[in-house]
Structure formats: C-alpha cells, structure tokens
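Asks: 3D, please:
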Amino acid sequence: MKRTLYILTAMLLAAQPAPAAEFGSWLQERGKSAEAAAEPSDGAQLVTLEPGENELFPRISPNGNKLMVMVEKGKEQWLATRFANNGDPLALVNRDPQSLLSARWSDADHFSFQSDRASGVGLWVVAGDGQGLIRRAQELHGNVVQAVLLPDESATIAVRLTSEGQSPGTNRSTALDLRDISGAQRFNTWEFKGYRGYVVRIGRDGSEKVLAEGVNPAISPDGKRVLFSMPVGRSNHLYMVDVDGSNLTQLTSDRCNDVQPAWSRDGKWVVFASNRGEIDIRDPNAKANNWDIWAIGADGRNLIQLTRNKAHDGAPDVGTDGKVYFHSDREVTREQRQERQVATAVRGFHIWTVDLPKN
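Replies: Okay, the predicted model is just below:
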C-alpha cells in the first residue's frame, strides 16, 4: 500500500506545471531552434558583390591571397582579380574572349590562358596583374579548349573537340569559333553541341596522346594525375588517369551529372558540381536545374554534399584556407547587401564559400 502511495505521489509531482522561468527558458530554446532552422542549411558565405555585375568561375591563387573571376556587366566580359578575403576588386587583367574560361594560376604571381593572338591558338603566361611580358608556353592547333599547363610545363593537358561520329585527330581543321564557346558556356562547361571532347596530353614538341574521353580536366597538386568528367550514357561521372594515360580509375557513379571537378591543395579531396542531390518530386525539372557542390575523398570514399540550395552552384575551387569557392545565383539577402553597402537589389552569379570537410 505504501509503495502505491509513493508511486502516485511521484506521478502527481511530475505532472505539476513547470515554473514560469523554466517555461520561458524552454520557449527561448524552441525559438532559437526555429531561427536556426530558418537559416541557410549550408552556411555559405558571400565573397564578391559588385552592383550590376556577375562574377563566375573563381580560381584561387596558390598563396590563397587572390581570386580570379570572369566578370560580366551588360554585354561586356572580362577577366579580373579580387581580394580573396573580402572580394574587393583588385585589377582588370584581360579582355581576351578565349581567356575567360581558360585562365588558370600557374604560380602565385602568374596565370596561363588560351589565345589566338599570334595567328594560331596557344597557351600563354602573364603576370597576375595582366601587366608585363606575355610568354607563349605552348603552341596549340585545332579545336582545343580548357587547356592547362602541367606544373613543370613539360606538357599541356587539354580537351580536343571533334565532330560527333569522328575519332580524335580526324577533323582538326573543322572551324569552331572558340570565342562563341567562351561567351556562351555561362554555366555549362561540359557540353559542346555537335562535338565530343577528349582529354589529351600535348607535348612541347606538338605530339599528342588521347588520355580518355571527357572534359573539365584538373591536374593533381603533384602533377601526376588528371581528374576529369566523362560522359556515360546520359550521365557524367568523375574519373582519374595518370598523365601518361595509364591507371584509368572511376571516382563517382549514379544517374546524375558530376562535372567541373577540382582538387584540394593536399590532394585528399575532390570537389565538384552535381545535380545528384535530393529532388522535389513535384517538380519534374528539379534534378536537371538544381546544382550543388559536393566533395569526395580522392580514394572514392566519404561522399559529402557541401551546399544545399535551389540555385545553380558550380565551378568550385579550393583555397589554402580549406574553403571551397564557387559561383552561385542564389539569393543575396538585404543584410548581405547592407554589409557591402549595396543599396539596390542584386541578381545573378556571385562568388560564395563553404568549408571543406576537416577529415
């Protein structure tokens, strides 16, 4: 009987209303949880914001201090550098149409870019501020895009475009206006209508070797491997291959498009743009239109989604600080505009960052 009374007493005490102070604290905690849920789930930070401009295809200098971007304003396009820490303009470095999507840092003070400035396509190197002597590092021929120098400049890795139904090397004289590609490939840099892409290694002597079918080549930090996107049916998957064409390895798979890959500075991670994320089944076009930034270990493990937004997130690059820089047309909030002292609403692409996984 006594035990029954003890149990009833305990139950009654537990059912008593909580003191007002405790109830207020509970409401505050619930309010904080609701506010946290309303915040962007990926925690992306805005880097660049200039009124009336789009900033795309970020490339971080080897020392992590400078950010190279393609800038659009009205019908004009140019290549510019920004301070990586706050996105403020630094210098306009190039207006060459072919440089817009081909520019890559070759060291902390120089970048390479494609140009036909000497009566033929070539890969050129110039100082990071666009001033001084411009040196041709590699002569190129035919329909070559997305060219990038190996670190020791012993060869160039590029994409050879060939007409549909032709094998590489059989139609190098086919006319292709690379300027149209530079201007038109505003987000999609992995499809070239009427052409197939092949990742090739071009030697200093002009010799050429096909490494694999694919586009978007990225050279590993040690200069030994090439990361790229290969079309497989209706999908695109990431692959790796040694610079001599050996050891072809598949990195990602699924019914999706994994494109625009980049290496982390230590070579342990690969970041890329993909439409593999969760889709809204009520929107049949969601999977095709929603692009996020993903990361995967260079060993093919630990696939992680880094951004979660209904916008177009693409063209990632990894800085020395472990941050992933990418362009996105996601919404810029009023608070973000006020921080940058921008009075009017802005739209279009700007550069954002998220953190790379720690492990």
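
Asks: Enumerate the positions of stretch 298-314 that are buried.
Replies: Ala298, Leu306, Thr307, Arg308, Asn309, Ala311, His312, Asp313, Gly314 (16 or more other C-beta atoms under 10 Å). From N, CA and C alone the C-beta is placed, and that goes for glycine too.

Asks: any idea of the mean pLDDT for that stretch?
Replies: For stretch 298-314, the mean pLDDT works out to 95.

Asks: residues in contact with it?
Replies: 40-42, 44, 187, 240, 251-252, 259-260, 263, 267-271, 273, 277, 289-296, 324, 326-331, 349, 352, 354-357, 359 (C-beta atoms under 8 Å, 6 or more residues apart in numbering).

Asks: Pull the most distant pair out of the buried residues of stretch 298-314.
Replies: With C-beta to C-beta as the measure, no two of these lie farther apart than Ala298 and Ala311, at 27.3 Å.

Asks: following the lowest-mean-pLDDT helix or strand in the chain, which helix or strand shows up next?
Replies: Counting by mean pLDDT, DSSP states H and E, the weakest-scoring helix or strand in the chain turns out to be helix 20-38, with a mean of 36. Using DSSP states H and E, the helix or strand that follows helix 20-38 in sequence is strand 45-46.

Asks: Look up how far Ile296 lies from the residue nearest to Arg340 when sequence neighbours are not counted.
Replies: Nearest residue to Arg340, sequence neighbours excluded (C-beta to C-beta, 6 or more residues apart in numbering): Leu49, at 4.7 Å. According to C-beta to C-beta, to the nearest Å, Leu49 and Ile296 sit 30 Å apart.

Asks: ditto for Glu153
Replies: For Glu153, the distance to Ile296 - C-beta to C-beta - is 29 Å.

Asks: More neighbours: those two, which one.
Replies: Neighbours were counted for Glu153 and for Ile296 using other C-beta atoms under 10 Å; Ile296 has more, 21 against 14.

Asks: give the contact list for that one.
Replies: Leu238, Leu251, Thr252, Trp269, Val270, Phe272, Asn302, Leu303, Ile304.

Asks: rerun at 10 Å
Replies: Taking C-beta atoms under 10 Å, 6 or more residues apart in numbering as the criterion, Ile296 is in contact with 238, 251-252, 258, 261, 269-272, 274, 302-304, 357.

Asks: Tabulate these in TSV, adding columns for distance to Ser115.
Replies: Converted to TSV, those look like this (distance: C-beta to C-beta, whole Å):
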residue	distance to Ser115
Leu238	29
Leu251	32
Thr252	33
Asp258	30
Pro261	25
Trp269	32
Val270	29
Val271	28
Phe272	27
Ser274	31
Asn302	39
Leu303	38
Ile304	37
Pro357	37
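
Asks: First-to-last residue distance for stretch 316-323?
Replies: 10 Å (C-alpha to C-alpha, to the nearest Å).

Asks: now swap in stretch 97-110 and tell me
Replies: First-to-last residue span, stretch 97-110, C-alpha to C-alpha: 19 Å.

Asks: what mean pLDDT does it have?
Replies: 89.

Asks: buried ones in it?
Replies: Pro97, Gln98, Ser99, Leu100, Leu101, Ser102, Ala103, Arg104, Trp105, Ser106, His110.

Asks: The closest residue to the third one other than its chain neighbours: neighbouring residues, count only.
Replies: Setting aside the residues directly before and after it, Ser99 is nearest to Phe113 in space (C-beta to C-beta, 6+ apart), at 3.7 Å. By other C-beta under 10 Å, the residues close to Phe113 number 26.

Asks: need the contact list for Asn54.
Replies: Asn54 touches 48, 69-73, 77, 186, 327, 329, 346-350, counting by C-beta under 10 Å, 6+ apart.

Asks: Could you list which of the residues you listed belong to strands?
Replies: Using DSSP state E, the members of those that fall within strands are Val69, Met70, Val71, Glu72, Lys73, Gln77, His327, His350.

Asks: neighbours around the first one, how many?
Replies: To tie it back to what came earlier, the one meant is Val69. 29.

Asks: Show the contacting residues for it.
Replies: 47-48, 53-59, 78-82, 87, 89, 100, 103, 315, 325, 327, 349-351.

Asks: and with 8 Å instead?
Replies: By C-beta under 8 Å, 6+ apart, the neighbours of Val69 are Thr48, Glu55, Leu56, Phe57, Pro58, Arg59, Leu79, Ala80, Thr81, Arg82, His327, Ile351.

Asks: low pLDDT regions in the stretch 101-250 of the chain?
Replies: Residue ranges of the stretch 101-250 of the chain with pLDDT under 70: 165-185.

Asks: again, only using 90
Replies: 101, 106-108, 116-121, 141-142, 163-187, 193-194, 234 (pLDDT under 90).

Asks: which residue ranges form the helices in it?
Replies: 178-184 (DSSP state H, counting those that start in this stretch).
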